[in-house]
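Asks: Output the structure for:
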Amino acid sequence: MIRALLIDDEPKNNRILKLMLEEFCPQVQIEGQADNAEEGVTLIRETEPDLVFLDIEMPYGSGFDLLDKLKPVGFEIIFITAFNNYSLKAIKYSALDYLLKPVNIDELIAAVAKASDKLASRNINARIENLLHNLKRPQQGLQKIALPSKEGYVFVSVTDIIRCESKSGYTTFFIKDMEKIVSSKNIKEYEQLLTDDIFFRIHNSHIVNLNHVKKYHRGRGGYLEMEDGALIEVATRRKDELMARFGLL
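Replies: The predicted structure follows:
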């Protein structure tokens, strides 16, 4: 059984979410509810839950402020929000989950299942620290991303990622001065996540960091020589856009 709390400033949202959990996620037991961050901090300290469904925008502080006050924490988090913005990208970069309002049943079931798996590893604090680190520096962009490893997660500076390669549904990250990291997520997910100001998908199976390109070799599509020595073909249909990114068109 997963002991959970609902923290949202709209009681109606809490009622609806509670009903959905009771019907579709019977492994979740609701231990209490709060309608602002201040009450949420008190409730969490009193009940010590396994999982918190946490609204981001609330009176008396945001969901992020709540986490900052509670560090270190011993529970998993699923953020609930009506907004799709920079904060949600920071959440994804930190290997945390969120649900957009109105909550979709299938997405709720999937998020609870992932939270259940993550509860076994108990590495939540590192992910929260990464989230808060990124949120405090929005003008510098998202700086660190959580990549899965055998032990949990490795937090990597985005600027150190040289390239990503897709193979058999997995994505391999090649990182400056580090061993490569293999993720079970497909490359499409990372294409959507990594900032398009420095990353570019030059082929179905490759995303490159343009700051780590060493040389472009001409050809039908041509190919890139990366700083790690890799030679990567450029898909013909992506050539013009790549040239434009380098100001060559």
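Asks: residue contacts, the residue nearest the centre of the chain?
Replies: Nearest to the mean C-alpha position of the chain, by C-alpha atoms, centre = their mean, lies residue 92 at 1.3 Å. Each residue near residue 92 by C-beta atoms under 8 Å, 6 or more residues apart in numbering is listed here: 98, 193. The way it works is simple: take the backbone N, C-alpha and C, and place the C-beta from them, glycine included.
Asks: Go again with 6 Å.
Replies: Residue 92 makes contacts with residue 193, as judged by C-beta atoms under 6 Å, 6 or more residues apart in numbering.
Asks: ok, now residue 97?
Replies: Contact criterion C-beta under 6 Å, 6+ apart gives 78, 111, 114 as the residues in contact with residue 97.
Asks: May I ask which of those residues comes out lowest in pLDDT?
Replies: When those are compared by pLDDT, residue 114 scores lowest at 90.
Asks: And for it, the neighbour number?
Replies: For residue 114, the tally of surrounding residues (other C-beta atoms under 10 Å) stands at 15.
Asks: for the one 3 residues further on, same thing?
Replies: Residues contacting residue 117 under the criterion other C-beta under 10 Å number 9.
Asks: Could you list the low-pLDDT ranges of this protein?
Replies: Applying pLDDT under 70 to the chain flags the ranges 121-122, 137-142, 249.
Asks: okay, now the domains of it?
Replies: The chain breaks down into these structural domains: 2-135, 145-245 (assignment by automatic domain parsing).
Asks: And the residue of the chain positioned farthest from its centre, how far from residue 236?
Replies: Here the centre of the chain is the reference, and by C-alpha atoms, centre = their mean the most remote residue is residue 219, at 36.8 Å. Here residue 219 is placed at a distance of 9 Å from residue 236 (C-beta to C-beta, to the nearest Å).
Asks: Show me what the residue lying closest to residue 84 once chain neighbours are set aside is bridged to.
Replies: Once its chain neighbours are removed from consideration, residue 84 has its nearest residue in residue 100; the separation is 6.3 Å (C-beta to C-beta, 6 or more residues apart in numbering). Counting by DSSP bridges, residue 100 forms beta bridges with residue 81.
Asks: List phi and psi for residue 96.
Replies: When read as degrees, to the nearest 10, the backbone of residue 96 gives phi -110, psi 170.
Asks: Can you give me the neighbour number for it?
Replies: Residues lying near residue 96 (other C-beta under 10 Å) number 22.
Asks: before we move on, what about the one 3 residues further on?
Replies: When neighbours are counted by other C-beta under 10 Å, residue 99 registers 18.
Asks: May I have the residues that are in contact with it?
Replies: Residues counted as contacts of residue 99 (C-beta under 6 Å, 6+ apart) are 80, 107, 111.
Asks: nearest to residue 27, of those?
Replies: Distance from residue 27 was checked for each of those by C-beta to C-beta. The minimum falls on residue 111, at 12.7 Å.
Asks: next SSE after the strand or helix carrying that closest one?
Replies: Under the criterion DSSP states H and E, the helix or strand holding residue 111 is helix 105-119. Moving toward the C-terminus from helix 105-119, the first helix or strand encountered (DSSP H and E) is helix 124-135.
Asks: Fine, thanks again, bye for now.
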